[in-house]
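Enquirer: After the sequence you'll find the predicted model.
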Amino acid sequence: MAACLLPYEEDGRIAREAFEDAVRRTGEAGLKCAVNMDTGYANYLTDGERADVLSWTRGALGAGKPFVAGVFVEGLEGDLPDLYRRGADEVVEAGGTPIVFQTTRFHEWPAEKIVELYQQICEPYESVLGFELGKMFAPNGMIYSEEIIRGLMGIPSLKGIKHSSLSRGEELKRLALRDEVRPDFKIYTGNDLGIDMIEYGSDYLLGLAAFCPEKFAERDRLWAEGSDEYFELNDALQYLGNLAFRDSVPAYKHSCAVFQHLLGRIPSSEPHPLCPRRPEWEVEIMNDCAKRLGYS
């Protein structure tokens, strides 16, 4: 899966047509789109904007095409299960699969209470995904204990979890636990600094894949074929990831906008107005990454 970037015009308006093009491009490459994610500024959007993104995604993909969309409740008041189910209902009604963002409201809860919350959230739905988001991405994120992960794996409709700790060691523990407890449970790597985690048994849901989904699709094909060309392309993509996801990590979304603008795919290199920014010379290093990937 690729977590799609939400692009912006120079004047700060959402570039709707460019977003819809990105959704179609991702689907045509053979990847599943994930929208209203961290890469799509879920933590900055209004409820209305997130609803618009769902509508645009459904329209761009066409009826029946699967996608994933974030359910974000940080800063909202009210009963947490109700808030999450309200957001999940919107995603399901649009034809997507909900992925549950964390909230600071349960950071201090004991493990069993967090697992119980997920049980309440997931109960009405056929398929839901979870999300471990490291705090280097956003303050509402949290990396779970083994006790929590074991509990989450026992929820039938929770089909997998995106793991974004940027730690190979932590992710390998998740994979070992998956193999022990529930082999059909998906671990979607969110490690943009270790995109070869697919070699160890992870699937992926990467913000880095938003930069150039067709190159990730090509990499996946080469891996499936056992081609030596996989390694060269994977290394070029990892070079892009190492640069784009350097400190401050949340500014990777500006790097993505710069990269996409270089390719002529979005109307400006502007990120969301609240997003941390990269320096003016970002265009130079993103251009070098584009050249290495064969774009110029």
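Expert: On my side now, so go ahead. Numbers count the residues shown, from 1 in each chain.

Enquirer: what is the mean pLDDT for stretch 51-61?
Expert: For stretch 51-61, the mean pLDDT works out to 98.

Enquirer: which residues touch N287?
Expert: If a contact means CB atoms under 8 Å, 6 or more residues apart in numbering, then N287 has L262, S296 as its contacts. Heads up, the C-betas are built off the backbone N, CA and C, glycines and all.

Enquirer: So it, which state does it fall into?
Expert: The local conformation at N287, judged by DSSP: H, G, I helix; E, B strand; the rest coil, is helix.

Enquirer: So what's the predicted local confidence for it?
Expert: 98.

Enquirer: just P183 next, same as before
Expert: 98.

Enquirer: just G169 next, same as before
Expert: At G169, the model reports a pLDDT of 97.

Enquirer: which residues are in contact with the one helix or strand it maps to?
Expert: In this structure, G169 sits in helix 168-181 according to DSSP states H and E. The contact list for helix 168-181, computed with CB under 8 Å, 6+ apart, reads 143, 146, 149-150, 153-154, 161, 163, 165, 185, 187, 189, 191, 194, 197, 200-202.

Enquirer: Show me how to select, in PyMOL, the buried members of those residues.
Expert: In PyMOL, this line selects whichever of the contacts of helix 168-181 come out buried by 16 or more other CB atoms under 10 Å:
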select buried, resi 143+149+150+153+161+163+165+185+187+189+191+194+197+201+202
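
Enquirer: Which ones among the contacts of helix 168-181 lie within strands?
Expert: Under the assignment DSSP state E, the contacts of helix 168-181 contribute I161, H163, I187, T189 to strands.

Enquirer: so where is the stretch 1-150 of the chain shaky, pLDDT-wise?
Expert: Within the stretch 1-150 of the chain, no range satisfies pLDDT under 70.

Enquirer: Run through who's touching the helix or strand that contains Y252.
Expert: Element membership for Y252, per DSSP H and E: helix 252-262. Applying CB under 8 Å, 6+ apart, the external contacts of helix 252-262 come out as 5, 7-8, 22, 38-39, 41, 192, 207-208, 210-212, 240, 243-245, 266-272, 275-278, 282-283, 286-287, 289-290, 295.

Enquirer: mind listing what A2 touches?
Expert: Neighbouring residues of A2 by CB under 8 Å, 6+ apart: T26, L31, K32, C33, A34, L205, L206, A209, A210, P213, F216.

Enquirer: Most distant residue from the centre of the protein?
Expert: What lies farthest from the middle of the chain is D228; by CA atoms, centre = their mean that is 27.7 Å.

Enquirer: Now do the same contact list for that one.
Expert: D228 touches nothing, counting by CB under 8 Å, 6+ apart.

Enquirer: Could you check how far it is from Y200?
Expert: According to CB to CB, to the nearest Å, D228 and Y200 sit 19 Å apart.

Enquirer: Kindly report the same for W56.
Expert: Distance, W56 to Y200, by CB to CB: 35 Å.

Enquirer: Please apply the same query to A236.
Expert: Distance of A236 to Y200, given as CB to CB: 20 Å.

Enquirer: Same question for Q119.
Expert: For Q119, the distance to Y200 - CB to CB - is 29 Å.

Enquirer: same question, R25
Expert: R25 is 28 Å from Y200, where distance means CB to CB.

Enquirer: now F231
Expert: For F231, the distance to Y200 - CB to CB - is 15 Å.

Enquirer: what about stretch 202-222, how long is it end to end?
Expert: Its start and end residues considered, stretch 202-222 measures 17 Å (CA to CA, to the nearest Å).

Enquirer: Could you pull out the buried residues of it?
Expert: 202, 204-220, 222.

Enquirer: Show me these that map onto strands.
Expert: Y204.

Enquirer: Mind checking which of the buried residues of stretch 202-222 are in helices?
Expert: Residues of the buried residues of stretch 202-222 located in helices (DSSP state H): P213, E214, K215, F216, A217, E218, R219, D220, L222.

Enquirer: nearest spatial neighbour of the last one, skipping sequence neighbours?
Expert: In space, not counting the residues next to it along the chain, L222 is nearest to Y230; the distance is 3.8 Å by CB to CB, 6 or more residues apart in numbering.

Enquirer: and that neighbour, how many neighbours?
Expert: The tally of other residues near Y230 (other CB atoms under 10 Å) stands at 19.

Enquirer: Which pLDDT value belongs to it?
Expert: For Y230, the model assigns a pLDDT of 98.
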